[in-house]
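Trainee: The sequence and its predicted three-dimensional model are supplied below.
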Amino acid sequence: MIIYKNIMQDNSQIFNTIDEMVLYLKYLFVTVFSPSTWKTLGAFGYVVFSFFFDVNQTNALFALFILIIIDFITGITAAKIAGDRIRSSKVRHSAIKVCAYFAVIAGAHLAEAGLYTHISFIDETVTAFFLLTELISLLENVGKMGYDTPKNLIDKIKDIKNKQ
């Protein structure tokens with residue numbers, strides 16, 4: 001704290017030694033990453049999350065995010081096995097897909113909250129659709145990697161997805 005005050009008073013010379021700089025960086029680190037900062041950021045994040053997403057769907061949203069990551073990894077692995085070139089546009093597409101999926105789910109939740117009727121299945125249906133889409137893609141990627149995937153299972157999941 002003393003170093004910080006000295007620096008603020010004398011702008012002509014910021015640090016006299018490396019030790020002063022290290023002490024100042026430690027001070028900044030402790031100040032920025034204090035428990036109260038994390039608690040405040042966590043509370044703010046929870047409020048934002050609960051506004052845009054149904055808090056009861058946290059497990060489904062987490063599962064969707066994990067499925068997207070696994071699908072991405074298996075897609076890259078399948079492309080490498082097939083000898084396809086991995087392009088940055090496909091990687092960018094996956095990042096955009098994550099944002100688009102969660103934006104649509106948030107929009108469905110907001111539409112559900114804004115309706116005057118007691119319709120409470122819109123965001124769940126959208127989330128289930130995206131979960132099934134990612135599961136189908138994951139199974140297809142595993143098949144492209146050379147592993148056996150039951151075609152009947154993929155067809156059944158596609159049927160369930162199409163009925164949604």
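Mentor: Alright, I've got the coordinates. Note that the coordinates shown come from a computational prediction; the quantities given were computed from them, not determined experimentally. Numbering: from 1, shown residues only.

Trainee: where does this protein dip in pLDDT?
Mentor: Residue ranges of the chain with pLDDT under 70: 1-15, 164.

Trainee: Break it into its domains for me.
Mentor: What the record gives for the chain is the domain set 2-33, 54-163, from automatic domain parsing.

Trainee: Buried deepest among those domains, which one?
Mentor: Greatest average neighbour count among the domains of the chain goes to domain 54-163 (a mean of 14), per mean count of other CB atoms under 10 Å. (Each C-beta comes from the backbone N, C-alpha and C, glycine too.)

Trainee: what about the residue nearest in space to the middle of the chain, which helix or strand?
Mentor: Nearest residue to the geometric centre of the chain (CA atoms, centre = their mean): Phe65, 5.7 Å. Per DSSP states H and E, Phe65 falls inside helix 58-82.

Trainee: follow-up on the earlier one: let me know which of the domains of the chain is the nearest to Ala43.
Mentor: Ala43 lies closest, by CB to CB, to one member of the domains of the chain: domain 54-163, at 13.8 Å.

Trainee: How far off centre is the closest one?
Mentor: 12 Å (CA atoms, centre = their mean, to the nearest Å).

Trainee: Ala82: what's it in contact with?
Mentor: Counting by CB atoms under 8 Å, 6 or more residues apart in numbering, Ala82 touches Lys144.

Trainee: State the distance from it to His93.
Mentor: Using CB to CB, to the nearest Å, we find Ala82 at a distance of 18 Å from His93.

Trainee: Which stretches in this structure count as helices?
Mentor: 2-9, 18-32, 35-52, 58-82, 88-114, 122-144, 151-163 (DSSP state H).

Trainee: The longest one vs helix 58-82, what angle?
Mentor: Right, helix 88-114. Helix 88-114 runs at 160 degrees relative to helix 58-82, counting by axes from the mean of the first three to the mean of the last three CA atoms, to 10 degrees.
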